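Visitor: Coordinates for the following, if possible.
(one chain, ligands or ions: 1)
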Amino acid sequence: MDLNLSATQGMYVETVRRFVKTEILPGLLEVERKHAFPFSVVRRAWELGILNLSIPAVIKGFELDALSSALIIEELAYGDSGIATSAMCNDLANAVIAQHGIPSQQEAFLRPFVEEPLLASFCLTEPGAGSDNSAMTTFMVRREDGSYLLNGTKCFITNASFASQFTVFCKVGKPAGNFMACVIVPVPPPALEAIAGGFPTGREIFLPAGGCIAVGKPEDKLGQRLSNTAAVTFEEVVVTPEQIIGDRRRGFQYIIDVLDYARPMVAAIGVGLARRALAVTIDYTRERRQFGQRICDLPVARETLTAMWKKVELAKLALIKAAVTLDEKGSDRGLYASLAKNAAAEAAIFCANEGLHLHGGYGFMNEYEIAKLARDAHIIDIYEGVREVQNMIIGREIC
Ligand SMILES: Cc1cc2nc3c(=O)[nH]c(=O)nc-3n(C[C@H](O)[C@H](O)[C@H](O)COP(=O)(O)OP(=O)(O)OC[C@H]3O[C@@H](n4cnc5c(N)ncnc54)[C@H](O)[C@@H]3O)c2cc1C
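Guide: The predicted structure follows:
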């Protein structure tokens, strides 16, 4: 395993670093306080080629390897982990189409993302089915004409207020069915004024083929306030066989395949956040003096900074291992994806909390970025599988 970046990877990293420095970090805390969705940043990211990293080259997508994608997501998260989550969610929703869709489905459901700055949502979690997604009750039932009707409610769905396409996992036949399917529901993108303002309310989408999608009011979140999260209800939504990805009984396997890809990307978000927390804390403790010395020179404080640095470096190694194992299609890619996600979540939470502590009372003030980073960090340990679920996977694989 070569730990050096290729020239192309180095160029990706430099491009995103410049973007973060000039277009995300200036005024970040003010925008974040308003909880407004930064669509102009998303649009610019699309123009720069930072969105939709996994779309196949045959339909003019970037089809980046996992390591390059992770490097890009990490740099984006160094700027803001909410924006990185929103960007990454397009790949989360679209990876299943790239992995298991037939060419006509890839053309129909992925091509629009190449042509326009659109957002997609990945709809798995339900109010009664979080870590245990097999308990989901959203289901589709076949009609006499061969089409299906989709009904059910998903919650905590990233990008939902702005999505132009929903990737939905559902049971087949009945809510308690044994089989799970994956269906793609494209919808007209929301009105431009709703996007430009960044403050969506609920959204009701009546579909031309029949049925309605109701998107709830955006959730008021502790952190990652620059990503959009809302509940989505599917009411009598007509689904044609062309909208079903792969085998309509193999949805559970498709979820595993997507998460094997997506967990290293969440790890990248965690590493980016942890690095940012370390950087702002080093800057602060170099400036601030107590007991006649810079705080970073006080031995116990320096020990904390050293512990933060070690967490970042170890999480980064775990991330690289997971991404390379995924690129090599290793049979243990799920194991390393879980390791990287847990290591990165631990690094993010540790660095944000200890960083806040080293800022003293100032760290508790919203005008310091470390306060935002501490709020943002917790979700890394929760979404795409809580820590305990990753440990379950690791335990199962090694025993
Ligand atoms: C900001 C945000 C964005 C999200 N984006 C999306 C999205 O785009 N699409 C989507 O489908 N979902 C999304 N989610 C949902 C997310 O993936 C779930 O919240 C997560 O999987 C946990 O499910 P839950 O919240 O129902 O917690 P629960 O499953 O109820 O778990 C609660 C707690 O119980 C404990 N626990 C659970 N299982 C076990 C176990 N096996 N062993 C021991 N302890 C356990 C853990 O401590 C866990 O934290 C998002 C969530 C948030 C907050």
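Visitor: For the ligand, what is the nearest residue in the protein?
Guide: Nearest residue of the chain to the ligand (CB to the nearest ligand atom) works out as G130 at 1.7 Å. No exception for glycine: its C-beta is placed from N, CA and C like everyone else's.
Visitor: residues near that residue, how many?
Guide: Using other CB atoms under 10 Å, G130 is surrounded by 18 other residues.
Visitor: just G292 next, same as before
Guide: 7.
Visitor: next one: P189
Guide: 17.
Visitor: Doesn't F122 lie inside a strand?
Guide: Yes - assigned with DSSP: H, G, I helix; E, B strand; the rest coil, F122 falls within a strand.
Visitor: quick one: contacts for it?
Guide: C89, L92, A93, I157, T158, T167, V258 (CB atoms under 8 Å, 6 or more residues apart in numbering).
Visitor: wait, doesn't E369 sit right on L29?
Guide: Yes - here E369 reaches L29: they are 6.4 Å apart, a contact under CB atoms under 8 Å.
Visitor: And the two? Which one has more around it.
Guide: For E369 versus L29, neighbours defined as other CB under 10 Å are more numerous around E369 (24 against 13).
Visitor: now, which of the contacts of F122 lie close to the ligand?
Guide: When contact is defined as CB under 6 Å from any ligand atom, the contacts of F122 meet the ligand at C89, I157, T158.
Visitor: now the second one: how far from L48?
Guide: I157 sits 26 Å away from L48 when distances are taken as CB to CB, to the nearest Å.
Visitor: Likewise for G79?
Guide: 13 Å.
Visitor: Now do the shared contacts for these two.
Guide: With CB under 8 Å, 6+ apart as the test, G79 and L48 both reach F19.
Visitor: Flag every residue of the chain that's near the ligand.
Guide: Near the ligand, when you scan the chain using CB under 6 Å from any ligand atom, you find 89, 122-125, 130-131, 156-158, 221, 224, 229, 379, 382-386, 388-389, 392.
Visitor: same thing but 8 Å
Guide: Within reach of the ligand by CB under 8 Å from any ligand atom, the chain has these residues: 85, 89, 92-93, 121-125, 127, 129-133, 154-160, 219, 221, 224, 227, 229, 379, 381-389, 391-392.
Visitor: For the buried ones among these, write the corresponding ChimeraX selection.
Guide: Restricted to buried positions by 16 or more other CB atoms under 10 Å, the ChimeraX selection for the residues of the chain next to the ligand reads:
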select :85,89,92,93,121,122,123,124,125,129,130,133,154,155,156,157,158,159,160,219,221,224,227,229,379,381,383,384,385,386,387,389
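Visitor: lowest-confidence helix or strand of the chain?
Guide: Least confident element among the helices and strands of the chain, by mean pLDDT, DSSP states H and E: helix 192-197 (a mean of 63).
Visitor: What's the mean pLDDT across the helix or strand following that one?
Guide: Per DSSP states H and E, helix 192-197 leads on to strand 203-206 as the next helix or strand towards the C-terminus. On average, the pLDDT along strand 203-206 is 93.
Visitor: May I see the buried residues of strand 203-206?
Guide: Neighbour-count burial for strand 203-206 flags R203, I205 (criterion: 16+ other CB under 10 Å).
Visitor: Give me the distance from that strand to the chain's centre.
Guide: 24 Å (CA atoms, centre = their mean, to the nearest Å).
Visitor: Neighbour count: G79 and L48, which is higher?
Guide: Between G79 and L48, counted using other CB under 10 Å, the more crowded position is G79 (23 against 14).
Visitor: pretty sure the more buried one is touching I24, no?
Guide: Yes - checked against CB under 8 Å, the pair G79 and I24 is within contact range at 3.5 Å.
Visitor: Can you pull out the low-pLDDT segments for the stretch 151-300 of the chain?
Guide: For the stretch 151-300 of the chain, the stretches with pLDDT under 70 are 192-199.
Visitor: quick one: the strands in the stretch 251-399 of the chain?
Guide: For the stretch 251-399 of the chain, the strands defined by DSSP state E, counting those that start in this stretch occupy 289-290, 293-294.
Visitor: Which strands border the first one, and is each parallel or antiparallel?
Guide: This means strand 289-290. Strand 289-290 has its sheet partners listed here by DSSP bridges as strand 293-294 (antiparallel).
Visitor: Which helix runs longest in this structure?
Guide: In the chain, assigned by DSSP state H, the helix with the most residues is helix 251-287.
Visitor: Looking at the record's assignment, how would you partition the protein?
Guide: Using automatic domain parsing, the domains assigned to the chain come out as 7-115, 119-247, 252-398.
Visitor: And those: which comes nearest M1?
Guide: Nearest of the domains of the chain to M1, taken as CB to CB: domain 252-398 at 5.5 Å.
Visitor: Start and end of the closest one, how far apart?
Guide: Length of domain 252-398, first residue to last, CA to CA, to the nearest Å: 22 Å.
Visitor: so what's the spatially most central residue of the chain up against?
Guide: In the chain, the residue lying closest to the centroid (CA atoms, centre = their mean) is T85, at 3.5 Å. Shown in contact with T85 (CB under 8 Å, 6+ apart): T158, Q224, S227, I269, I379, Y383.
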